[in-house]
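>>> build me a model from this:
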Amino acid sequence: MASFTYMANPGRRRFLQWSVGGAAAGFVWRGARGATSGDKLPEGKMPMRKLGRTGVAVSLVGLGGYHIGQAGDEQTAVRIIRAAIDHGLTFMDNCWDYNEGRSHVWMGRALRDGYRRRAFLMTKIDGRTRKAAAAQIDQSLRDLGTDVIDLMQIHEVIRDSDAARVFGPDGAIEALVAAQKAGKIRFIGFTGHKSPAIHLKMLEAAAAHRFAFDTVQMPLNVMDAHYDSFERRVLPVTDKSGVAVLAMKPLGSGMFLRSAPLSKRQVSPTDCLRYAMGSSASVVITGCESMRDLAQALDAAYGSQAMSSADRKVVLARTAPAASKGEWEKYKTSGTFDGTARNPHWLESATL
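Numbers count the residues shown, from 1 in each chain. Below is the predicted model of the structure:
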């Protein structure tokens, strides 16, 4: 297991009504090894993957920060985070604005007592200006209770104008590079869920400014493959350049559970997780609001033999009818997941 030496110091939003766990969707799908009974967690060895060219190895599964802020209470969130780390999961996802900052605070408290040095901590900021980004970086460090964040990403790159703003005069990239030089952050990336074209534009802008992102986060799942696909359009570019890919929304933030392929059990949540794990992504980030959710993710990772080409074709064939128009990918086709669209001040200030 990787070991990280950054010690913690002592001492937002809730707009997604689509985000539901397996139990909330009306059924619980048992993994192949029956590991989702009660709060019992499966035992096994967590696969580790290289995070692109960073030289760091991270766990195949990453713990989603938005959902940890929906865990019910702080005690439950701390229990999930620490259990995940104790079972080999090192990659922690988060964002400055998740659940009005609650996700940061709960994760920061969970990473006390020696857990911080066992975790690779990633979070995100919304600021597009140097001033806003710098303030949000410092706010993140305080709320997470740490001296350094392993990976800081520009959040919600979902507009055609985002690349120009980030790389423009007094843009956010200046704050990120300054924070990196100051030792506040180690690596820099960006994330988005709207369109592959916007991701490609961001990568092109970086190249034009002779800047190399360490990571890029995007939806990679059984629905994406059929509609305006990140897998088909962005993954070949990142694979060639060496940028580490962080896969998100393997279950569509819970929405896929309502779709015909999953509700009729033609495709299981474990199939969805394994499909994403079978990509070239360094880590698959999944939301865990309960120990049961964590057990499902661990079970998929521990038994994550590469999904065969034949199995992938079967899964894609079963999801194709439901996925052809992006109906279940609301993060692409609607404003449901666009937090910065509803809160444009996040792009310009450090006020939640």
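
>>> remind me which residues of the stretch 251-352 of the chain are low pLDDT?
304-305 (pLDDT under 70).

>>> quick one, strands of it?
283-286 (DSSP state E, counting those that start in this stretch).

>>> the chain too?
Remark: strands assigned in the chain by DSSP state E are 48-50, 57-59, 61-63, 91-92, 120-125, 149-154, 185-191, 215-219, 244-248, 283-286.

>>> residue ranges with poor pLDDT in the stretch 1-150 of the chain?
For the stretch 1-150 of the chain (pLDDT under 70), the answer is 1-38.

>>> which one, of the strands of the chain, ends up nearest to Gly101?
strand 120-125 (11.1 Å; C-beta to C-beta). Placement of C-beta: from N, CA and C, glycine included.

>>> relative to strand 244-248, how tilted is the closest one?
In this structure, strand 120-125 runs at an angle of 70 degrees to strand 244-248, with axes from the mean of the first three to the mean of the last three C-alpha atoms, to 10 degrees as the basis.

>>> residues contacting strand 120-125, please?
By C-beta atoms under 8 Å, 6 or more residues apart in numbering, the residues outside strand 120-125 that reach it are 2, 4, 6, 51, 56, 58-59, 62, 65, 90-96, 104, 111, 132-133, 136-137, 140, 144, 146, 149-155, 172, 191, 246.

>>> at 6 Å instead, please
Contact with strand 120-125 is made by 58, 90-96, 133, 136, 140, 149-151, 153, 155, as judged by C-beta atoms under 6 Å, 6 or more residues apart in numbering.

>>> just stretch 158-176 next, same as before
Contacting residues not belonging to stretch 158-176 are listed as 127-130, 133-134, 154, 188, 192, 194, 201-202, 205, 209 [C-beta under 6 Å, 6+ apart].

>>> can you put these in a markdown table and add distance to Arg312 and neighbour count?
A markdown table is the format used below for the contacts of stretch 158-176 (distance: C-beta to C-beta, whole Å; neighbours: other C-beta atoms under 10 Å):
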| residue | distance to Arg312 | neighbour count |
| --- | --- | --- |
| Gly127 | 39 | 27 |
| Arg128 | 37 | 25 |
| Thr129 | 42 | 20 |
| Arg130 | 43 | 19 |
| Ala133 | 39 | 28 |
| Ala134 | 43 | 20 |
| Ile154 | 31 | 27 |
| Ile188 | 32 | 20 |
| Gly192 | 25 | 25 |
| Lys194 | 25 | 22 |
| Lys201 | 29 | 18 |
| Met202 | 28 | 23 |
| Ala205 | 32 | 18 |
| His209 | 37 | 14 |
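
>>> now the two most distant members of these.
Ala134 and Lys194 (25.3 Å).

>>> how many residues are close by the residue lying closest to Ala300 once chain neighbours are set aside?
Spatial nearest neighbour of Ala300, chain neighbours left out: Leu273 (3.9 Å); criterion: C-beta to C-beta, 6 or more residues apart in numbering. Counted by other C-beta atoms under 10 Å, the residues lying close to Leu273 total 26.

>>> quick check, Leu273 in contact with Pro250.
Yes. Using C-beta atoms under 6 Å, Leu273 is in contact with Pro250, at 5.2 Å.

>>> return the distance of the closest residue to Leu262 other than its chain neighbours relative to Asp150.
Sequence neighbours aside, Phe256 is the residue nearest to Leu262 in space, at 5.4 Å (criterion: C-beta to C-beta, 6+ apart). For Phe256, the distance to Asp150 (C-beta to C-beta, to the nearest Å) stands at 29 Å.
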